[in-house]
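In: here's my sequence, what's the structure:
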Amino acid sequence: MDIKVGENRFYIGESEKDPLAEIVFCFKKSDIIVIERTFVSEELRGQNIAGQLLQRVVEKAREERLKIIPECTYAQKVMNRGEDYKDVLYNEGTQN
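Out: Below is the predicted model of the structure:
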């Protein structure tokens, strides 16, 4: 699947306005990304598309030295599961 870059989102599909799958984020501060929602259409479910989209946000955070606040339940569940995302997960008690 070809993951495209949109405005504060990564998505799959022909149009950013009508994606087949997307992960949407905003910037809380210049160095903190808030993942707001993840969506995968029924036809793409079961293919780890949400995981691939989340991975693109994580790559962006690592490349740009950003931290992530996962507000959407999918991102929270995945990112809080283990150590893989600890380097980019925002912790209110620490600073970048």
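In: how about low-confidence regions in this structure?
Out: Applying pLDDT under 70 to the chain flags residues 93-96.
In: would you map the helices across it?
Out: Listed in chain order, the helices of the chain (DSSP state H) span 49-64, 73-79.
In: now these as JSON lines including mean neighbour count and distance to P19?
Out: Bear in mind the C-beta positions are built from the backbone N, C-alpha and C, glycine included. Putting the helices of the chain into JSON lines (neighbours: other Cβ atoms under 10 Å; distance: least, Cβ to Cβ, whole Å) gives the following:
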{"stretch": "helix 49-64", "mean neighbour count": "17", "distance to P19": "10"}
{"stretch": "helix 73-79", "mean neighbour count": "17", "distance to P19": "15"}
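In: using JSON lines, lay out the ones you listed together with distance to G6.
Out: Converted to JSON lines, the helices of the chain look like this (distance: least, Cβ to Cβ, whole Å):
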{"stretch": "helix 49-64", "distance to G6": "11"}
{"stretch": "helix 73-79", "distance to G6": "17"}
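In: of these, which is nearest R37?
Out: Proximity to R37, assessed across those by Cβ to Cβ, is greatest for helix 73-79 (8.5 Å).
In: who's in contact with the closest one?
Out: Helix 73-79 has contacts (Cβ atoms under 8 Å, 6 or more residues apart in numbering) with 23, 35, 38, 50-51, 54, 57, 68, 70, 85, 89.
In: ok, now stretch 80-96?
Out: Residues from elsewhere that reach stretch 80-96 (Cβ under 8 Å, 6+ apart): 31-32, 58, 61-62, 65-70, 78-79.
In: same question, stretch 39-57
Out: Under the contact criterion Cβ under 8 Å, 6+ apart, stretch 39-57 has outside partners 1, 3, 10-12, 19-25, 33, 35, 38, 68, 74-75, 78-79.
In: report the buried members of those residues.
Out: Neighbour counting by 16 or more other Cβ atoms under 10 Å classes 10-12, 19-25, 33, 35, 38, 68, 74-75, 78-79 among those as buried.
In: which of the residues you listed fall within strands?
Out: Mapping the buried ones among the contacts of stretch 39-57 onto strands (DSSP state E) picks out 10-12, 21-25, 33, 35, 38, 68.
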